[in-house]
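> Return atomic coordinates for the entry below.
(one chain, ligands or ions: 1)
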Amino acid sequence: MLEISDLRVGYGRTTVVHGVDVKVGTGEIVAVMGHNGAGKTTLLRAAVGLLPVETGTIRLGGEDVTRAKPHRRVRLGLAYVPQGQQSFGQLTTRENLQLVADTFGAAGTARMNEALDLFPALKSLLTRRAGLLSGGQRQQLAIARALIVGPKIMLLDEPTEGIQPSVVGEIEDAIVQLAGSGMSVLLVEQHIGFALDACARYYVLESGRVSTQGAGGAANESDVRSAMAL
Ligand SMILES: Nc1ncnc2c1ncn2[C@@H]1O[C@H](COP(=O)(O)OP(=O)(O)OP(=O)(O)O)[C@@H](O)[C@H]1O
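Down below sits the predicted model:
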């Protein structure tokens, strides 16, 4: 579904990601881990088309999108949920969702209802302003909004960061459920236990390079922890 090959990308003259390969198959959860500043967000932003690539290729659904604009990638089924639980704080939960749903007609409404079924906690918060939601609720709203677009692959940047533990499990369950329904997920995640449990494959980034990679599964937790020197 997504194939990133030998990617080099950075800011101005500073290269931050140095020749990284990442592959996400259909319905797979693939985890990217690493310390702060390792280049995880930079990798995702390049995949979305928000940063120009220095060298390397990005293929999405078989199409070379290395130089494609973000909207082309969205049309091919890419959704991106950045760090920080972004939403329109002055709008209600429903308005935040409706804004996206309205651009897709009946399909948008159907997907909005599916997203609310995935995050039932949002149903009782539809009239609350997003700015008044908790961090966890705002994260659920951000993922729900991205789902209304009908993506084939979702890029999630630390979806459980700074979120109350009671909601973390709900978000993790939703990610697993989405992959179970055939959606691919590229997940930047600091919760190593969950990432390894859920993922088909993981990559550890260190100073913009893949230092360790392997198949998911709890057996690899010590490899990841030692790669990250935890
Ligand atoms: N807009 C920017 N301009 C210049 N340098 C940047 C910019 N954004 C990030 N960087 C630098 O790129 C490097 C990688 O940052 P990035 O945000 O990709 O790391 P990360 O692994 O996602 O870290 P975190 O876990 O803190 O989000 C860091 O050295 C950071 O300072």
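
> hey, let's count contacts and neighbours off CA atoms from now on
OK.

> what sits opposite the residue most central in space within the chain in the beta ladder?
Nearest to the geometric centre of the chain sits residue 156, at 1.4 Å (C-alpha atoms, centre = their mean). Residue 156 has these beta-bridge partners by DSSP bridges: residue 81, residue 187.

> Please report how far it lies from residue 180.
As judged by C-alpha to C-alpha, to the nearest Å, residue 156 and residue 180 stand 16 Å apart.

> Just give me the neighbour total for residue 1.
When neighbours are defined as other C-alpha atoms under 10 Å, residue 1 has 20 of them.

> Enumerate every residue touching it.
23, 24, 25, 26, 59, 60, 61, 62, 153, 184 (C-alpha atoms under 8 Å, 6 or more residues apart in numbering).

> Most neighbours among the residues you listed, which one is it?
For those, the largest neighbour count, defined by other C-alpha under 10 Å, is 30 neighbours, found at residue 153.

> how close does that one get to the ligand?
19 Å (C-alpha to the nearest ligand atom, to the nearest Å).

> if I pick that residue, what's in contact with it?
Counting by C-alpha under 8 Å, 6+ apart, residue 153 makes contact with 1, 77, 78, 79, 183, 184, 185, 186.

> cool, residue 130 as well?
87, 88, 89, 90, 91, 92, 93, 96, 138.

> rerun at 10 Å
By C-alpha atoms under 10 Å, 6 or more residues apart in numbering, the contact list for residue 130 reads 86-96, 137-138, 141.

> which other residues reach the lowest-mean-pLDDT helix or strand in the chain?
When the helices and strands of the chain are scored by mean pLDDT, DSSP states H and E, helix 221-227 comes last with a mean of 79. With contact meaning C-alpha under 10 Å, 6+ apart, helix 221-227 is reached by 33-34, 192-193, 195-197, 202-206, 211-214, 228-230.
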